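> Please find the sequence and the predicted model below.
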Amino acid sequence: MRKIVAIGRGGVGKSSFIALLAKLLSSKRGCSILLIDADPDENLAELVGVDLGKMQINTISDVLFNVRYGNINERLKSFSLAEKIEFLINQNALYEGDDFDLISIGTKWTEGCYCQPNNILKNFIVNLERNYDYVLIDSPAGLEHINRRLTSSVDDIFAILDATRKALHHLRRAYRIISEIQIKFNNFYVIGNFRFSDELPEPVNKNTGFQYMGRIEYDRKVEEFNFKGESLFQLEQDSPALLSIGRIISNIGY
Ligand SMILES: Nc1ncnc2c1ncn2[C@@H]1O[C@H](COP(=O)(O)OP(=O)(O)O)[C@@H](O)[C@H]1O
Ligand SMILES: [Mg+2]
């Protein structure tokens, strides 16, 4: 199993990158993928063509909320807390598709009283992840809550940079935060987003010591599909964004 997370400022292209990566990896024969939408804004599902509402699939927060407030089937009430959570996630919150499976963390989650479910959830996720070749996590900008709720180790971090002069500053800050919150990782790859300027790779290499792996190409269709809420899985094979991400991951050895 190889676990991957994308980080970067809001709007930099993280969710699109994860969706496109899922599309590329799912076209490899016999490759199983779990997508985890850890962004409370929850648009990864839409980007990969899954309508959670229509399919009546709960978010993880829904499950924890229902368990916490006893909003569950009588039959389950004698179960332990861990059993309840595991049963309900498996039954109601795991989307299982041909190309990938998906869970969404959701928004209802209030802090504080959820310490025990957090640990149960972390264990559940560790066990679930074992069934897949790739686990791709779409996160909002901050990684702290990923550490607290989901996982304390990943294999590859993809830091996506935009074209602003502040990009390098953000990169260093992200790296420091990751070290401080003690997320273990093997590789920290830097990639430029679709607005990234051609002059930036050099300062990345010179000033940060991080590995610059290339740029995600601008792709009109990616923009259009995002806008319309259509699945990026429908992109043609010649999509510039898809091809550029394909080159990046093949250089890394995926
Ligand atoms: N390769 C690309 N080419 C063109 N536009 C893109 C590309 N990737 C993302 N976008 C645009 O950028 C916006 C933000 O992308 P998104 O993946 O939602 O970023 P994030 O998850 O980091 O907030 C999208 O609405 C989309 O229009
Ligand atoms: Mg996003």
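Cool, got the structure. Ligands and ions are numbered 1, 2, ... in the order given.
> How about the residue of the stretch 51-200 of the chain found nearest ligand 1, nearest residue that isn't a chain neighbour?
For the stretch 51-200 of the chain and ligand 1, the shortest gap (Cβ to the nearest ligand atom) falls at residue 194, measuring 3.7 Å. Backbone N, C-alpha and C define where each C-beta goes, glycine included. Distance criterion Cβ to Cβ, 6 or more residues apart in numbering; nearest residue to residue 194, sequence neighbours excluded, is residue 218 at 4.1 Å.
> Name the SS class of that neighbour, please.
Assigned by DSSP: H, G, I helix; E, B strand; the rest coil, the conformation of residue 218 is coil.
> Identify the residues contacting it.
Residues in contact with residue 218 (Cβ atoms under 8 Å, 6 or more residues apart in numbering) are 194, 195, 240, 241.
> Can you tell me how far it is from residue 239?
11 Å (Cβ to Cβ, to the nearest Å).
> now swap in residue 170 and tell me
In terms of Cβ to Cβ, residue 170 sits 27 Å off from residue 239.
> Of the two, give the one with the bigger neighbour count.
The residue with more neighbours, out of residue 170 and residue 239, is residue 239; 21 against 18, by other Cβ atoms under 10 Å.
> picking up where we left off before, quick one: the residue of the stretch 51-200 of the chain closest to ligand 1 and residue 12 touch, right?
No: judged on Cβ atoms under 8 Å, residue 194 makes no contact with residue 12 at a distance of 9.2 Å.
> Neighbour count: those two, which is higher?
Higher neighbour count among residue 194 and residue 12: residue 12, with 27 against 21, using other Cβ under 10 Å.
> where does whatever residue of the stretch 151-254 of the chain ends up closest to ligand 2 land on pLDDT?
Residue nearest to ligand 2 within the stretch 151-254 of the chain: residue 226 (9.9 Å; Cβ to the ion). Predicted confidence (pLDDT) for residue 226: 96.
> quick one, what contacts residue 207?
Residue 207 makes contact with residue 168 under the criterion Cβ under 8 Å, 6+ apart.
> Helix, strand, or coil at it?
What three-state DSSP gives for residue 207 is helix.
> same thing with residue 203?
Residue 203 is classified as helix under three-state DSSP.
> How about the backbone phi and psi for the residue nearest to it when sequence neighbours are not counted?
Nearest non-adjacent residue to residue 203, counting by Cβ to Cβ, 6+ apart: residue 168, 6.2 Å away. Recorded main-chain torsions at residue 168 are phi -70, psi -40, according to degrees, to the nearest 10.
> right, and residue 168 touches residue 206 too?
No: assessed by Cβ under 8 Å, residue 168 is found out of contact with residue 206, at 9.9 Å.
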